[in-house]
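J.: Need a 3D model of the sequence below.
(chains A and B)
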Amino acid sequence: MSKLLGRPLVVGALALAAGFLVLALGLGLAGYDPALSLGALWRGAFGSWYALSSATLVRAVPLIVLGLGVALAFRAGALNIGAEGQFYAGAIAATWVGVHAVGWPAPVAVGAVWVAATVAGVVWIGVPVLLKLRFGVLEVISTLLLNFVAEAAVSYAVTGPLQEARRVYPESDPIAEAARLPLLHDSRLHAGLGVALLLAVALWLLFTRTAWGFRLRAVGLGPRAAEVSGRIPVKRVIAGALLWSGAFAGLGGGIEISGVTYRLFQNLSPGYGFTAIAVALLARLNPLGVIATGLLFGALEAGAQGMQREAGVPAVAVSVAEAVIILVILLAEVLARRATERSVAGLAAEEAA
Amino acid sequence: MSEAPVLELSGISKSFGSVHALRGADFTLHPGEVHALLGENGAGKSTLMHIAYGMIRPDSGEIRIGGRRVVLRSPREAMALGLGMVHQHFTSIEALTVRENIALAVGKGSETPGRWATGGVTGRLMEGLEPGARVERLSVALRQRLEIVKALAIGARILLLDEPSAVLAPSEVEELLALVREFVAAGGSAALITHKLPEVLIAADRVTVLRQGGVTLSAPVAGQTEKSLAEAMIGAARRNFPAPPVVPRGAPGTAPPVTRLSEVPIYAGELIGVAAVEGNGQRELLGAIAAGQGVSGSVSFVPEDRTTEGLVPALSITENMVLGLSEDPRWARGVRLDWNAARARTGELLASFGIRAAGPDAPAATLSGGNQQKVVLARALERRPVVLVAENPTRGLDIQATLEVHQRLRAAAAEGVAVIVYSTDLDEVLELGRRVVVVHAGRVSEAPRGADRRVVGEMMLGVRRGQR
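T.: Residues are numbered from 1 along each chain as shown, chains lettered A, B, ... in the order given. From the prediction side, this is the model:
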């Protein structure tokens, strides 16, 4: 049993089954037809080429990019809860550059939009980093609170400096054609997916093969030993991890603007930055795992829309399934850890005495 | 002593997974006695006492308290039956005061410590324990006293002391043992877990020795010697390590010193013992050398806290090796780390240092303390250091592991490393150090050659001046 609980795929399947079972039960109790609803969820996520490419995958892209950013910080033991805010900072900067990119060559325009978004993400998390280094302010709190500031900044931008030319709607003008990502034939799927997958593989290589990735992990798991025995500048590593984390989240905002919405508006993100935390944790901070969990959550959210359209079930019902999946996986992890600890703990307890 | 036992554990067995921590162990505590529970790390001492205190349920065996058979489901039940345990890791809340911590332990809230903290053992324990003082400002010795006071405050008649001397300076140990004697003289009983032989001979009436979960000796202390106890602890077939030939290279006078400890020159191939009472500036001095100040060439550092400063327990042994040797060209290829090369070398080191581990990929947390320390040492020596600084390199290790660590340190010196060992255990300093250096109030002086415990002890306290 405990061995099985250590296997991610077994646990994942178990968690999925439990999540949908609970969701079906809940739907039944609430008077919906579970079979019809779950069928609609499936069709919404995978039922057609359009559902897969334009709903599931389009949602998975920001989840993967932001999930990678969160995983990066968490690896170093730094808790960036502010991916949502950094995403918005990136989106604002991307829009601002994008609307001015009229007539630029496409690669230059897209590059400029992404660089601006990335820099904005770094700047946005730079504040918590400075606060942490100077005053020891916990990044958990400062990054979280800056999310709300970022949302307010979006509201300000789309009703003020970035509002569309006619000044009617609270949204920006669309960005220049040149700054938009190419779409896959007959779908809304954009080239950002390739970027997300590339980033995941690159990060995985960095984590597993390089001294930088190793330092990150050492600092996250044992900061004292990293400093004393590894002579690692712990503070600098943590600060670097947070800044990179902000860069990923900011870039995520830029990709969303240049690939999906082409314009800035309020509630651009349905909470990607928060879901990204679950994406990263469920993947155990493994970048390749983030691809899988990003796709899973993308599919769930796409399916939720389908369920709402077809079966009239409110889309939020899917968060029940999401919550159960997270709980089952966390539970399995705790049980697996306890099982290994028990076999080791006896010795270790004696040893400590 | 002929009275009925107050605590009787019989035929206690307990396994953790595949590890048999206890195999039918017996332990009998009579009223008015100090009963030492002796054994190496991993012998099962703590497990046995945790069972007596209701923290762990035994797989089989009987517990009798005051003659009645009991099944303990929690420490709370053990406390209600008059047991009190003083853990190695203190349980007081640092932000609260002494008085508040006692009130918290008693649990009634209304009870003031003043009511009972007068006279007797508790009165003596309370000496120096200001009721209004915050625990975080107390010394380790006082915090430990507070733990005992808390146990007595809830009416404990049987004290279980889990290696109380491990955290204390020698003079504090004597005070503690005197207090324990006083407690039993007043009718209490105490079980004293330890792996220090002299403590048993000084303070205990009876001794039970555990080895690999079984009792190898249970007898009155009268008639025992350190030798007989050691034999019961580690067995007659005690493995001996051939001492390596000591050929100090660059002995004093033939080469310039590789570094200085303040003014005292330190030469290659020497083993220097550093003696000091905690807080006399020795850590700062050693820290500076460990950071490479005043040394040309590489310095290795063996920190005293293996599991937080020496190793990252969650990482594998290989990863822990790389942690301290991240620039080693054998695996550091530009920004890339060649884990296969690191794993191969770690495997070799595991073999050559006799480290018992499932393999180079086993998490450091799965190793015993002795094997963890050998990993730290192997890594430290792998740097080919000019100077090796070690702080309390054998803290918490059993005799066998201590011997091996000492042997490694001597061997390193014999190979030309200047080895500087600081230990809070004065006997260890005297045993290891070919030269002994004393730090008192930040000033470094050298003990005369062949100085004994008394001389060095006086120097540590500043009563006697050393050379230089």
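J.: which element is A:Leu300 on?
T.: If you go by DSSP states H and E, A:Leu300 is part of helix A:287-311.
J.: For that helix, buried residues please.
T.: Using 16 or more other C-beta atoms under 10 Å in any protein chain shown as the burial criterion, the residues of helix A:287-311 that qualify are A:287, A:289-308, A:310-311. C-betas here are computed from N, CA, C, even on glycine.
J.: can you check stretch A:195-205 too?
T.: Residues of stretch A:195-205 classed as buried by neighbour count (16+ other C-beta under 10 Å): A:Val195, A:Ala196, A:Leu197, A:Leu199, A:Ala200, A:Leu203, A:Trp204.
J.: Quick check: the two most widely separated of those residues?
T.: The widest separation within these, taken as C-beta to C-beta, falls between A:Val195 and A:Trp204 and amounts to 14.9 Å.
J.: Flag the shaky bits of chain A, pLDDT-wise.
T.: Residue ranges of chain A with pLDDT under 70: A:1-6, A:340-353.
J.: what does chain B give?
T.: Chain B contains residues with pLDDT under 70 at B:1-2, B:17-19, B:41-42, B:108-120, B:234-254, B:463, B:466-468.
J.: Assign A:Val129 to one of the three secondary structure states.
T.: Classification of A:Val129 using DSSP: H, G, I helix; E, B strand; the rest coil returns helix.
J.: What's the local residue count around it?
T.: Residues near A:Val129, counting by other C-beta atoms under 10 Å in any protein chain shown, number 24.
J.: ok, now A:Val115?
T.: If you count neighbours by other C-beta under 10 Å, A:Val115 ends up with 16.
J.: How about the helix or strand it falls within, which residues are buried there?
T.: Using DSSP H and E, A:Val115 falls within helix A:106-135. Of the residues in helix A:106-135, A:109-110, A:112-125, A:127-129, A:131-132 count as buried by neighbour count, 16+ other C-beta under 10 Å.
J.: Also stretch A:256-274?
T.: Within stretch A:256-274, the residues scored as buried using 16+ other C-beta under 10 Å are A:256-265, A:268-269, A:272-274.
J.: Farthest pair within these?
T.: Spanning the widest gap among the buried residues of stretch A:256-274 are A:Tyr262 and A:Phe274, at 24.0 Å by C-beta to C-beta.
J.: how many neighbours does the closest residue to chain B within the stretch 101-250 of chain A have?
T.: Among the residues of the stretch 101-250 of chain A, A:Gly222 lies closest to chain B, at 3.1 Å counting by C-beta to the nearest C-beta. The number of residues packed near A:Gly222 is 27, by other C-beta under 10 Å.
J.: Same question for B:Leu271.
T.: By the criterion of other C-beta under 10 Å, B:Leu271 has 22 neighbours.
J.: Not counting sequence-adjacent ones, nearest residue to it?
T.: Using C-beta to C-beta, 6 or more residues apart in numbering or on different chains and skipping the chain neighbours, the partner closest in space to B:Leu271 is B:Ala413 (4.2 Å).
J.: how near is the one residue sitting closest to the centre of chain B to chain A?
T.: Compute the mean C-alpha point of chain B, and by C-alpha atoms, centre = their mean the closest residue is B:Gly396, 3.1 Å away. Applying C-beta to the nearest C-beta, to the nearest Å, the value for B:Gly396 to chain A is 7 Å.
J.: Could you verify that that residue is part of a helix?
T.: No: assessed with three-state DSSP, B:Gly396 is coil; it does not lie in a helix.
J.: Go ahead and confirm B:Arg181 touches B:Val34.
T.: Yes: in this structure B:Arg181 lies within contact range of B:Val34 using C-beta atoms under 8 Å: 6.8 Å.
J.: any idea how far A:Arg224 is from the nearest residue to B:Gly396 once chain neighbours are set aside?
T.: Take B:Gly396 and drop its neighbours on the chain: the residue closest to it by C-beta to C-beta, 6+ apart is B:Gly369, 5.6 Å away. Distance of B:Gly369 to A:Arg224, given as C-beta to C-beta, to the nearest Å: 17 Å.
J.: now swap in A:Ile64 and tell me
T.: 33 Å.
J.: Looking at these two now, which is surrounded by more residues?
T.: Neighbours were counted for A:Ile64 and for A:Arg224 using other C-beta under 10 Å; A:Ile64 has more, 33 against 16.
J.: correct me, but the more buried one touches A:Val290?
T.: Yes: the criterion here is C-beta under 8 Å, and A:Ile64 meets it with A:Val290 at 5.8 Å.
J.: what do those two both touch?
T.: Counting by C-beta atoms under 8 Å, 6 or more residues apart in numbering or on different chains, the residues touching both A:Ile64 and A:Val290 are A:Ala200, A:Val279.
J.: Please point out which parts of stretch B:311-318 sit buried.
T.: Within stretch B:311-318, the residues that qualify as buried are B:Leu311, B:Val312, B:Pro313, B:Leu315, B:Ser316, B:Ile317, B:Thr318, counting by 16+ other C-beta under 10 Å.
J.: Closest one to A:Gly136 out of those residues, please.
T.: The closest of the buried residues of stretch B:311-318 to A:Gly136 turns out to be B:Val312 (C-beta to C-beta; 22.8 Å).
J.: ok, the closest residue to that closest one other than its chain neighbours - contacts?
T.: Excluding its sequence neighbours, the residue lying closest to B:Val312 (C-beta to C-beta, 6+ apart) is A:Gly222, at 3.1 Å. Residues near A:Gly222 by C-beta under 8 Å, 6+ apart: B:Thr308, B:Leu311, B:Val312, B:Pro313, B:Ala314, B:Leu315.
J.: From the chain's centroid, how far away is stretch A:246-262?
T.: How far stretch A:246-262 lies from its chain's middle: 12 Å, per C-alpha atoms, centre = their mean, to the nearest Å.
J.: What pairs with the helix or strand hosting B:Ala390, parallel or antiparallel?
T.: Element membership for B:Ala390 (DSSP H and E) is strand B:387-391. Taking DSSP bridges as the criterion, strand B:387-391 pairs within the sheet with strand B:299-302 (parallel), strand B:418-422 (parallel).
J.: Out of these, which one sits most buried?
T.: Highest mean neighbour count of the strands paired with strand B:387-391: strand B:418-422, a mean of 27 (counted as mean count of other C-beta atoms under 10 Å in any protein chain shown).
J.: What separation do you get for the most centrally placed residue in chain A and chain B?
T.: Centroid-nearest residue in chain A, with C-alpha atoms, centre = their mean: A:Ala276, separated by 2.7 Å. Applying C-beta to the nearest C-beta, the value for A:Ala276 to chain B is 24 Å.
J.: how close does that residue sit to B:Val221?
T.: 64 Å.
J.: Return the residues of the stretch 151-300 of chain A in contact with chain B.
T.: For the stretch 151-300 of chain A, the contact set with chain B under C-beta under 8 Å from any C-beta of the partner chain comprises A:209-212, A:214-215, A:217-218, A:221-222, A:224-226, A:228-230, A:232.
J.: again, 6 Å this time
T.: A:Arg209, A:Thr210, A:Ala211, A:Phe214, A:Ala218, A:Leu221, A:Gly222, A:Arg224, A:Ala225, A:Val228, A:Ser229, A:Gly230 (C-beta under 6 Å from any C-beta of the partner chain).
J.: Which residues are in contact with the last one?
T.: Residues in contact with A:Gly230, defined by C-beta atoms under 6 Å, 6 or more residues apart in numbering or on different chains, are A:Ala218, B:Leu323.
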